[in-house]
Structure formats: C-alpha cells, structure tokens
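J.: sequence and computational prediction follow.
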Amino acid sequence: MSIFQRITTLTKAAIHEGLNKLEDPILLTGQYLRDLDDKIAGAEGKQRELKAAASVLERRIYEYKVLAERSEAEAVQFMSEGNEPAARLAVMAKLRYTESGQECTAGLQETQAALASLEVQLAGVKEEHTRLKAKRAELAERARKAAEIKQAAQASASSFPAGYGGHVLNAGSAARGFERMEDKIAMQEALAEQSGLAAAAAPDAPLNSAVEAELERLRNRK
C-alpha cells in the first residue's frame, strides 16, 4: 500500500469518527485539508531525502569507477615490472571497487524508482488538494446562503401567532468525505428554502380571513 493510500484510509477514518461530533461541515472539511497539507509536507520531505540519497549514490559510483580504473592501471604497471604479488593485490582492489560500484548502482536505481513513484503520487494528491479546496469554497458559500435563508425565515416566524410550526434545520447523519458534506449542505439548502416559503405563505392566512370577513359583512349589508 502506497503512502498516499494510507493517508486516504486514515483521513477517511478520522472523518467518519468526527462527523458525529461536529455539526459544521465547513469546519470538518477545513480540518481535512489541513491534515492533507501535513501529509503532503511529509511526502515532500521524503522526496528531498530520496533526491539527496540519489546524489550521494551517484557520487560514490563515480568515485568507485575512478578507483577501479586506477587499481587496474597499477596492476598493469606492476605486471610490467614483474611484481606479480603487487599486481594481484591491485587486481583484488579493482574487483572490490567494481563490486561496490555495482551495489551503489543497484541502490541508485531503486532510489530513483521510489522517487519517480512518489513524485507521480505527490502530483496527483496536490491536484486533488486543489480540487477539494475549490469544492470547500463552494460548499462554504452554499452553507452561508442556506443559513441566511433559514435565519430570515426564523425571524419572520417569530412574529407569527403561537402554534406556528416552523422548520428546524436537520443536520442529518454523517456521510463520507466531501460528498457527505455536500449532501448535508444540500439538505440545509432545501430546508432553508422550505422555511422561506413557509414564512412567505404564513402571513397570507390572516389576510385571507380578513378579506372573507369583509366580503361577508358587505353581503349582509346588501
């Protein structure tokens, strides 16, 4: 499982646990983005570490190559001088340097592969972060408008006769991530709209009664 798959799993679990405790979806989605920011920062730190490790391995590969070539030249020189024991030692040194260089090359390839995978995942998560940030701004605006409509409806309802049945905003149960928050805000919008319609319609009932009473009076007078 990749680092970002683990991030997604842990973040979803945190959201599901916190949804039952928080009523404000904007606060929740804001916390989601802050957590994601922290994880992205951690991944970027790992990216820097891998780049530094790759740079060190590249330098060591070069150094081992130079040492191997030097040992080979020394072996040739000792052989030309008839010093076979020294030539043998030089050849053994060359083989050790060559083997170390090969190990560093394998490590470099592994590091570069890990770095490439991390960078692809990091780019995808940053893109998703941008999308979710825009989605949060949209949800915040929708929630603000729904709250304004509901507040206006409640203000109108406070002037109605006792017994008027006003609408109560139902937060509903928690859903998953931003989709659940969007559903919740959509419910707020719908209920706020219903409250507004009810507030607009309620004053008409007394007016209609007064009109009917006046018409009845006129009929009796005639």
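T.: Everything's here; your move. Numbering: from 1, shown residues only.
J.: buried set for stretch 129-136?
T.: Applying a neighbour-count criterion of 16 or more other Cβ atoms under 10 Å, the buried positions in stretch 129-136 are 129, 132, 135, 136. Where you see a C-beta, it was placed from the backbone N, CA and C, and this is true even at glycine.
J.: can you pick out the ones from those residues that are in helices?
T.: Cross-referencing the buried residues of stretch 129-136 against helices under DSSP state H gives 129, 132, 135, 136.
J.: quick one on the thing from earlier: nearest to residue 38 among the buried residues of stretch 129-136?
T.: Residue 38 has its nearest neighbour among the buried residues of stretch 129-136 in residue 129, at 11.5 Å by Cβ to Cβ.
J.: which ones are touching that closest one?
T.: Contact analysis of residue 129 by Cβ atoms under 8 Å, 6 or more residues apart in numbering lists 33, 36, 37, 40.
J.: with pLDDT and neighbour count added, can I get these in CSV?
T.: Shown next, in CSV, are the contacts of residue 129 (pLDDT from 0 to 100; neighbours: other Cβ atoms under 10 Å):
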residue, pLDDT, neighbour count
33, 85, 15
36, 87, 20
37, 89, 12
40, 89, 16
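J.: which one among these gets closest to residue 147?
T.: For the contacts of residue 129, the nearest to residue 147 is residue 33 (21.0 Å; Cβ to Cβ).
J.: quick check: closest non-adjacent residue to residue 30.
T.: Closest residue to residue 30 apart from its sequence neighbours, by Cβ to Cβ, 6 or more residues apart in numbering: residue 136 at 6.8 Å.
J.: and what of residue 139?
T.: In space, and not counting its chain neighbours, residue 139 is closest to residue 185: 5.4 Å by Cβ to Cβ, 6+ apart.
J.: now the ones in helices among the buried residues of stretch 129-136 as CSV including distance to residue 102 and pLDDT?
T.: Formatted as CSV, these follow (distance: Cβ to Cβ, whole Å; pLDDT from 0 to 100):
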residue, distance to residue 102, pLDDT
129, 40, 87
132, 45, 85
135, 50, 85
136, 51, 84
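J.: I'd like the residues you listed as CSV, with distance to residue 113 appended.
T.: What follows is these, written out as CSV (distance: Cβ to Cβ, whole Å):
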residue, distance to residue 113
129, 25
132, 29
135, 33
136, 35
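J.: closest one to residue 26 out of those, please.
T.: Taking Cβ to Cβ as the measure, residue 26 lies nearest residue 136 of these, at 7.1 Å.
J.: tell me the secondary structure for residue 88?
T.: The three-state assignment at residue 88 reads helix, by DSSP: H, G, I helix; E, B strand; the rest coil.
J.: pLDDT score for it?
T.: As predicted, residue 88 sits at a pLDDT of 92.
J.: where's residue 97 relative to residue 77, distance?
T.: Distance, residue 97 to residue 77, using Cβ to Cβ, to the nearest Å: 17 Å.
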